[in-house]
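> Need the 3D shape of this:
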Amino acid sequence: MDQDPEPAWLDGPLTRPRDVFWQAVGRCVEGLGMDGAQAQELLRARALHLDLTVDELARDITRGQVSVQRLRPSSADEPSQAPTA
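Coordinates of the predicted model:
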């Protein structure tokens, strides 16, 4: 069965930044062992923390300028728990 060709807009200039974002999500999934939703949340949070757009961070990841290992949440990022009595 022949597949219908993809619409031309899927390969347009406005979709290319999203391609880079999804590549970065895939690298987080593979490199950090998380699911896609967790990877998207991590990219958004780290971009905000670094004062970047998520597309800028994704670009840096796919260019090899930022390692996904550097994005891994550390224990310092986690809220501290109050001691229990």
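
> After the lowest-mean-pLDDT helix or strand in the chain, heading C-terminal, what element do we hit next?
Sorting the helices and strands of the chain by mean pLDDT, DSSP states H and E puts helix 16-32 at the bottom, at a mean of 90. Using DSSP states H and E, the helix or strand that directly follows helix 16-32 along the chain is helix 36-49.

> Run through who's touching that next one.
Helix 36-49 is contacted from outside by 21, 24-26, 28-29, 32, 34, 53-54, 56-58, 71, 73, using Cβ atoms under 8 Å, 6 or more residues apart in numbering. C-beta here means a position set from N, CA and C on the backbone, and glycine is covered the same way.

> again with stretch 21-33
Contact partners of stretch 21-33, identified using Cβ under 8 Å, 6+ apart, comprise 34-36, 38-40, 42-43, 54-55, 57-58, 61-62, 68-69, 71-72.

> filter those to the buried ones?
34, 39-40, 42-43, 54-55, 57-58, 61-62, 68, 71 (16 or more other Cβ atoms under 10 Å).

> Next up, the contacts around Leu71.
Leu71 is in contact with Cys28, Leu32, Leu42, Leu43, Arg46, Ile61, counting by Cβ under 8 Å, 6+ apart.

> pLDDT score for it?
Leu71 carries a pLDDT score of 91 in this model.

> measure it to Gly64 for me?
Relative to Gly64, Leu71 is positioned 14 Å away (criterion: Cβ to Cβ, to the nearest Å).

> Please apply the same query to Met34.
Using Cβ to Cβ, one gets 20 Å for the distance from Met34 to Gly64.

> Pipe the contacts of Leu71 into TSV and attach distance to Pro13 per row.
Compiled in TSV, the contacts of Leu71 are given as follows (distance: Cβ to Cβ, whole Å):
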residue	distance to Pro13
Cys28	25
Leu32	30
Leu42	27
Leu43	22
Arg46	26
Ile61	21
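
> Pick out whichever of the contacts of helix 36-49 sits closest to Gln3.
Gly26 (22.7 Å; Cβ to Cβ).
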